[in-house]
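>>> quick one, fold the following:
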Amino acid sequence: MCGIVGYIGPKKVVPLILDGLRRLEYRGYDSAGIAVVDRDGKVDIRRAPGKLHNLEEVIRHSPIDGMYGIGHTRWATHGRPTEENAHPHRDCTGQIVVVHNGIVENYVDLKRQLEKEGHKFVTETDTEIIAHLVEKYMKEGGPLEDAVRKTVRQLTGVYSIAILSASDPNKIVAARTGPPSVIGLGQGEYFVASDIPAILAHTRDMFFLADGDIAVLTPQGVRVMDLDGNTIQRAVQHITWDPIMAEKGGFKHFMQKEIFEQPRAVRDTLLASVAMDSGKVFLDKMDITEADFREFTNIKIVACGTSWHAGQTGKFMIEKLARIPVEVDYGSEFRYRDPIIGANTLTVCISQSGETADTLAAQREAKVKGSKTLAICNVFGSMITREAAGTILTHAGPEIGVASTKAFTGQLTALMLLAMYLGQVRGTLSEDCARMLLQEFMRIPHKMETVLRADEGGIYESLARQFFRHTNFLYLGRGVHFPIALEGALKLKEISYIHAEGYPAGEMKHGPNALIDENLPVVMLATRDDQDPESMTRYEKSVSNIKEVKARDGIVISVVTENDHLAREASDHVIVVPPTIELLAPLLEVLPLQLLAYHIAVRRGCDVDQPRNLAKSVTVE
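Alright, predicted model coming up:
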């Protein structure tokens, strides 16, 4: 892992690859490198540990130029982040180079066999064996792509690779099983990358490789084949993202920009699936019929990290509106517990990238057991969307910050749409209620903008100044607000490295009370829906929780609804959000938690966009 860029065409290759790698920095990495083939047919490599500017310095002192090439930013899995272990890796001749995302699980056995055959290894990585295997098979004769096909048949694990060889010039071969690989088609130029933003400035016409695909890029075009060498076709997509969407646009960090893009992301996701006049929700891209939706007896949601929190929130939405039981599983645990599912189960797979390895594995487990799968995803054409029977797209645009923000609220929007749709087709949501829900739903983006404008008043910077030195936080919520407490705690720990824990407010007496003292900030989600008696009951109990914390000298930061008095008076600090329906409140109350985490992390001097030890898309289990 983690970033791949390859280019063949008439442009200057080194600046283009470096620019592509820069656009992939959000994925997280600890070293970088580039390999090009020059006009004399010689392979030149430059590598450096650390950030991309270190590689740029190496190139400035020792320039290279070439006709085509491949580059990589590495997130270490095997071997320390040193220049030696940085990609690209070479074979014994130095003529073959490879960049690789993923893990070769059987590399030890392969390495021993290759060493017996006389191959010399110079790194601690699993990737180096790929270059030596390609070397071995190229000696048998035939083009580079044949050697790559034979090589990948030997690999156990997951991989996305790009390979070039000076002995078979004007060619880049890419292959994929697991981590994403996207092929870009330009005017007389062709690209391979691990994510769309790397090449979006050069082309919007691209397609994802499927597992087992091998692509051959030459100046004449791209050919895709399977592992047996049979030519196959992949549908080309025209990406509608504007390249400017992937730039900071005047914001200090990508995360800050993406927090403020959430009203637009929610609005776009919402408008893609609703008819305002009738209040009906329409789900396109479905091979699941209305009859299927009526016959499902239970729903399993599988996701990881922030998407799992969205799934937990979606459980409340679906069970309330559609009256169907929902279980939420971690993708990383799902297939290892032999889940009880079948044709009467709908499995909903949530992933921002659509390439999350754990969630993909869970999706495949569900399909093997006979369950239809529905994807909620931000990238159409990604693996999860291709393997699903239906997809709800979140129209968030590219999310660059590692800590997810707008993808999360996009997922909440998609889950609410799914809940409403299920309620409509199953007859549990009346037309009048659906219309009322949708009318309020349409007001949410404007209300989100109101919440975000409070940042201009300095409330979050003020809170950050008071709390950035604290080492522990507790986040509490009840009902649909509990998953938002979990998400708020995750955001803080992800980007500020402060320990934070989310907990159901009703469970305080069963353990967390022991933590409370004058040094513990407690963030309480205490919003309410005046028109909902159940919401008011939860609110009153949350106020009691606030008083419990204060009785033990804890510090309370409450997120409250406009015109609130009880929670406001009991708290040390309050953040106000507009009133809304209980099920839609998460879309508003998560914004203050994101902003609080962001400003605390900035105050602590943390790298907000690229937190340590994290990658944007976790494409290995």
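
>>> any residues touching the lowest-mean-pLDDT helix or strand in the chain, and which ones?
Here the helix or strand of the chain ranked lowest by mean pLDDT, DSSP states H and E is strand 274-275, holding a mean of 79. Residues outside strand 274-275 that contact it (Cβ atoms under 8 Å, 6 or more residues apart in numbering) are Lys280, Val281, Phe282, Leu417, Leu438, Phe441. In short, each C-beta sits where N, CA and C put it, glycine included.

>>> which helix or strand lies directly C-terminal to that strand?
Where DSSP states H and E defines the elements, the next helix or strand beyond strand 274-275 is strand 280-281.

>>> and that next one, which strands flank it?
Note on strand 280-281: by DSSP bridges, its sheet partners are strand 274-275 (antiparallel).

>>> now do the partner strand: distance to the chain's middle.
27 Å (Cα atoms, centre = their mean, to the nearest Å).

>>> ok, stretch 466-478 next?
Between the centre of stretch 466-478 and the centre of its chain there are 25 Å (Cα atoms, centre = their mean).

>>> what average pLDDT does it get?
Across stretch 466-478, pLDDT averages out at 95.

>>> and the lengthiest helix in the chain, what's its mean pLDDT?
Using DSSP state H, we find that the single longest helix of the chain is helix 431-453. Averaged across helix 431-453, pLDDT comes to 92.

>>> name the helices or strands packed onto that helix?
Counting contacts by 3 or more Cβ pairs under 8 Å, 6 or more residues apart in numbering; DSSP states H and E, helix 431-453 is packed against helix 262-271, strand 280-281, helix 406-425, helix 585-603.

>>> can you list the low-confidence ranges for the stretch 51-200 of the chain?
Per-residue confidence for the stretch 51-200 of the chain (pLDDT under 70) gives these ranges: 75-83, 85.

>>> what do you get if the cut-off is 80, keeping everything else the same?
Counting by pLDDT under 80, the ranges of the stretch 51-200 of the chain that qualify are 74-87, 124, 158, 178-179.

>>> helices of that one, residue ranges please.
In the stretch 51-200 of the chain, the helices defined using DSSP state H, counting those that start in this stretch lie at 52-61, 107-116, 128-138, 144-154.

>>> list the residues that contact Ile17.
By Cβ under 8 Å, 6+ apart, Ile17 lies in contact with Val5, Gly6, Tyr7, Ile34, Val36, Gly69, Ile70, Gly71.

>>> just say helix, strand or coil for the third one.
Yep, that's Tyr7 we're talking about. Here Tyr7 is strand, with the state taken from DSSP: H, G, I helix; E, B strand; the rest coil.

>>> which residues touch it?
For Tyr7, the contact set (Cβ under 8 Å, 6+ apart) comprises Val13, Leu16, Ile17, Gly20, Tyr68, Gly69, Ile70, Glu189, Tyr190, Phe191.

>>> same question for the fourth one.
Contact partners of Ile34, counting by Cβ under 8 Å, 6+ apart, are 14, 17-18, 21, 45-47, 55, 59, 64, 69-72, 88.

>>> of those, which belong to strands?
Among the contacts of Ile34, DSSP state E puts Ile45, Arg46, Arg47, Gly69, Ile70, Gly71, His72 in strands.

>>> in the stretch 101-250 of the chain, which spans are strands?
157-165, 172-177, 182-185, 190-193, 205-208, 213-218, 221-225, 231-232, 237-238 (DSSP state E, counting those that start in this stretch).

>>> which stretches of the stretch 501-621 of the chain have low pLDDT?
Along the stretch 501-621 of the chain, the parts satisfying pLDDT under 80 run over 512, 613-621.

>>> helices of that one, start to end?
Using DSSP H, counting those that start in this stretch, the helices assigned to the stretch 501-621 of the chain run over residues 533-551, 566-570, 585-603.

>>> compare those helices and give me the one nearest Ala389.
Evaluated over the helices of the stretch 501-621 of the chain, closeness to Ala389 peaks at helix 585-603, with 27.0 Å, by Cβ to Cβ.

>>> most tightly packed of the helices and strands packed on helix 431-453?
helix 406-425 (a mean of 27; mean count of other Cβ atoms under 10 Å).

>>> any idea how far that one is from the middle of the chain?
18 Å.

>>> same question for stretch 328-348.
What separates the centre of stretch 328-348 from the centre of its chain is 20 Å, taken as Cα atoms, centre = their mean.

>>> buried ones in that stretch?
For stretch 328-348, the buried set under the neighbour-count rule, 16 or more other Cβ atoms under 10 Å, comprises 328-332, 334-335, 339, 341, 345-348.

>>> what's the closest of those residues to Ala526?
Set against Ala526, the nearest of the buried residues of stretch 328-348 by Cβ to Cβ is Val328 (23.9 Å).

>>> for that closest one, which residues count as its bridge partners?
Beta-bridge pairing of Val328 under DSSP bridges involves Ile301.

>>> which residues touch it?
Shown in contact with Val328 (Cβ under 8 Å, 6+ apart): Lys300, Ile301, Val302, Ala303, Trp308, Gly311, Gln312, Gly314, Lys315.

>>> what does the pLDDT read for the first one?
Spelled out, that is Lys300. Looking at Lys300, its pLDDT is 97.

>>> over to the fifth one?
On the pLDDT scale, Trp308 is placed at 96.

>>> where's it, which helix or strand?
Taking DSSP H and E as the definition, Trp308 sits inside helix 306-322.

>>> which helices and strands does that helix pack with?
strand 298-303, strand 326-330, strand 345-351, helix 406-425, helix 482-496.

>>> tabulate the CA atom coordinates of that helix in PDB.
Output of helix 306-322 as PDB, limited to C-alpha atoms (Å, rounded to 0.1, in the frame of the first residue of the first chain):
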ATOM      1  CA  THR A 306     -17.100   5.400  10.400                       C
ATOM      2  CA  SER A 307     -19.300   3.500   7.900                       C
ATOM      3  CA  TRP A 308     -20.100   1.100  10.800                       C
ATOM      4  CA  HIS A 309     -21.300   4.000  12.800                       C
ATOM      5  CA  ALA A 310     -23.500   5.100   9.900                       C
ATOM      6  CA  GLY A 311     -24.900   1.500   9.800                       C
ATOM      7  CA  GLN A 312     -25.700   1.700  13.500                       C
ATOM      8  CA  THR A 313     -27.600   4.900  12.900                       C
ATOM      9  CA  GLY A 314     -29.300   3.300   9.900                       C
ATOM     10  CA  LYS A 315     -30.500   0.500  12.100                       C
ATOM     11  CA  PHE A 316     -32.700   3.000  14.100                       C
ATOM     12  CA  MET A 317     -33.900   4.500  10.900                       C
ATOM     13  CA  ILE A 318     -34.900   1.300   9.200                       C
ATOM     14  CA  GLU A 319     -36.500  -0.400  12.200                       C
ATOM     15  CA  LYS A 320     -38.500   2.700  13.000                       C
ATOM     16  CA  LEU A 321     -39.800   3.400   9.500                       C
ATOM     17  CA  ALA A 322     -39.900  -0.100   7.900                       C
END
